[in-house]
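Q: take this sequence and fold it.
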Amino acid sequence: MNFSTKLPKLLSIFALCNLIGLNTQLNAAQYAEPGFILTSIKPLQLIVQDITQGVIESVALLPPGASPHAYALRPSDVKKIKRAKSIYWVGPQLESFLEKSFSKYPAKTHALAALGNAITPATAIIKQEPAHDEHEEHEGHEEHDEEKKSAADEDQQHDHPSKIHVHQYRGVDPHIWLSPEVALLIAQQIKEQTSLLYPQHSAQLEENYQRFKQSLAALDLQLKSNFSALRALGFLVFHDAYSRFIEHYQLNQIGALTINPARRPGAKHLAEIRLQIQSSQPLCIFSEPQFSTVAIATITRNTSLRTAELDPLATLIQGSDASYLDFLEDFAQRIIRCLGNA
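A: You can find the predicted model right below:
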């Protein structure tokens, strides 16, 4: 092969290198400060990104499709943790595998789980009770008869759907980012902590926060309106992780295949779920992109249940300009479409 035949390939490689370099420069130009803020999962990264626009980049530690319930850190992850300017995670309740690594950097690491407790019983649909130990399977509901009765009484007083589901997490569900109320508290903390880190950008951070707050309030009102005619319609989920969202929008989840998605639900529990389907006649069952659908296929066999996919970790939300609002609206619309059969 002579030089004339090699030249086009060399030019292509040179152009590609230039393009990569240009993209890197453009990316750096978007932010006033070097480095990045690290979050454990993508939904938290989206909130950080919304608040720190123009100030500093945000990066999610877990790759798309990985579950915070079961993940092993890679050497490149350890390097990111060390290099990050600040770190946000829910806490050991969710990402237990990060506890040891994050404990080495207490000054820059912020656990957000406590913000979920800031939503008081007066603002919750189901009042919070003392937490008890989680178990592998969401084994029926016999042991919760008194809880159901209490919840039903509360529903009658407040005109809520009579079959609203009492969740095993009982007010300590670690999936806090699924609550718009808690998401706003997370955004506020990020604004405050980043302002301490970069006081020269406090005005920009405040502007970003106010924009986030107003946009979130508008979307929340829209979703409440969208859900208003669907609140009594029952559905099932694969993973009992949505109590924050369900209670906020007063939806009617009647059961879950598992509370621990890393462990397959047992045959006894699947049989109980099938009986629950027969008695409650739910419309939908929701899977998740990172987990097997074998159990759901077993449950839905010979039924009229509609199936759809929920994406609590924002796996399918792509693009550098994606926002938490994109994620929240996408998550809500998946439920609305299935229950409304649009």
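
Q: so what's Y242 closest to, chain neighbours aside?
A: Distances taken as CB to CB, 6 or more residues apart in numbering place L178 nearest to Y242, at 6.0 Å, with adjacent residues excluded. Every C-beta, even on glycine, is put in place using the N, C-alpha and C of the backbone.

Q: tell me the SS of E33?
A: Three-state assignment for E33 (DSSP: H, G, I helix; E, B strand; the rest coil): coil.

Q: wait, what's in contact with it?
A: Shown in contact with E33 (CB atoms under 8 Å, 6 or more residues apart in numbering): 55-56, 85, 198, 201.

Q: which of the helices or strands spans the residue nearest to E329 when sequence neighbours are not counted?
A: Leaving aside its sequence neighbours, E329 sits nearest to L219 (CB to CB, 6+ apart; 6.1 Å). Element membership for L219, per DSSP states H and E: helix 202-227.

Q: and I51, what is it in contact with?
A: With CB under 8 Å, 6+ apart, I51 has these contacts: 187, 190-191, 194, 205, 208-209, 212.

Q: domain map for the protein?
A: As assigned by automatic domain parsing, the chain contains the domains 31-113+178-214, 126-173+228-340.

Q: that older thread, let me see the contact set for the residue nearest to E329.
A: So L219 contacts 180, 325, 328-329 (CB under 8 Å, 6+ apart).

Q: narrow these to those in helices?
A: 180, 325, 328-329 (DSSP state H).

Q: from memory G340 sits against F227, does it?
A: No. With contacts defined as CB atoms under 8 Å, G340 does not count as touching F227, sitting 9.8 Å away.

Q: comparing those two, which residue is more hemmed in?
A: F227 (19 against 15; other CB atoms under 10 Å).

Q: I317 is in what secondary structure piece?
A: I317 belongs to no helix or strand, assigned by DSSP H and E.

Q: remind me which residues of this protein are low pLDDT?
A: Within the chain, the stretches with pLDDT under 70 are 1-29, 119-171, 259-263, 342.

Q: cutoff 80 now
A: Within the chain, the segments meeting pLDDT under 80 span 1-29, 69-70, 118-172, 258-270, 279, 290-295, 298-300, 320, 341-342.

Q: for it, which segments count as helices?
A: Using DSSP H, helices in the chain cover 3-29, 42-51, 75-83, 99-102, 145-158, 180-197, 202-227, 243-248, 267-280, 294-300, 324-340.

Q: give the contact list for G340.
A: 229-230.

Q: number of residues surrounding D321?
A: Neighbour tally, D321, other CB under 10 Å: 7.

Q: with A232 instead?
A: 14.

Q: before we move on, what about Q222?
A: By other CB under 10 Å, neighbour count at Q222 equals 12.

Q: quickly note the distance from it to E329.
A: Taking CB to CB, to the nearest Å as the measure, Q222 falls 8 Å from E329.

Q: again, but for P289
A: Counting by CB to CB - P289 and E329 are separated by 17 Å.

Q: quick one: contacts for the residue most central in space within the chain?
A: Residue closest to the average C-alpha location in the chain (CA atoms, centre = their mean): P312, at 4.0 Å. Contact analysis of P312 by CB under 8 Å, 6+ apart lists 43, 175, 178, 239, 241-242, 288, 331.

Q: now the two most distant members of those.
A: P43 and H239 (14.8 Å; CB to CB).

Q: more crowded one of those two?
A: P43 (26 against 23).

Q: quick one: contacts for the more buried one?
A: 177-178, 312-314, 324, 327.

Q: change it to 10 Å
A: P43 makes contacts with 60, 90, 175-178, 183, 186, 311-314, 317, 324, 327-328, 331, as judged by CB atoms under 10 Å, 6 or more residues apart in numbering.

Q: that one and F235: what is the separation?
A: 21 Å.

Q: can you check D50 too?
A: 29 Å.

Q: before we move on, what about S58?
A: For S58, the distance to F235 - CB to CB - is 33 Å.

Q: also E329?
A: 19 Å.

Q: please apply the same query to I37.
A: 35 Å.

Q: among these two, which residue is more densely surrounded?
A: Shown here are I37 and F235; by other CB under 10 Å, I37 has more neighbours (27 against 24).
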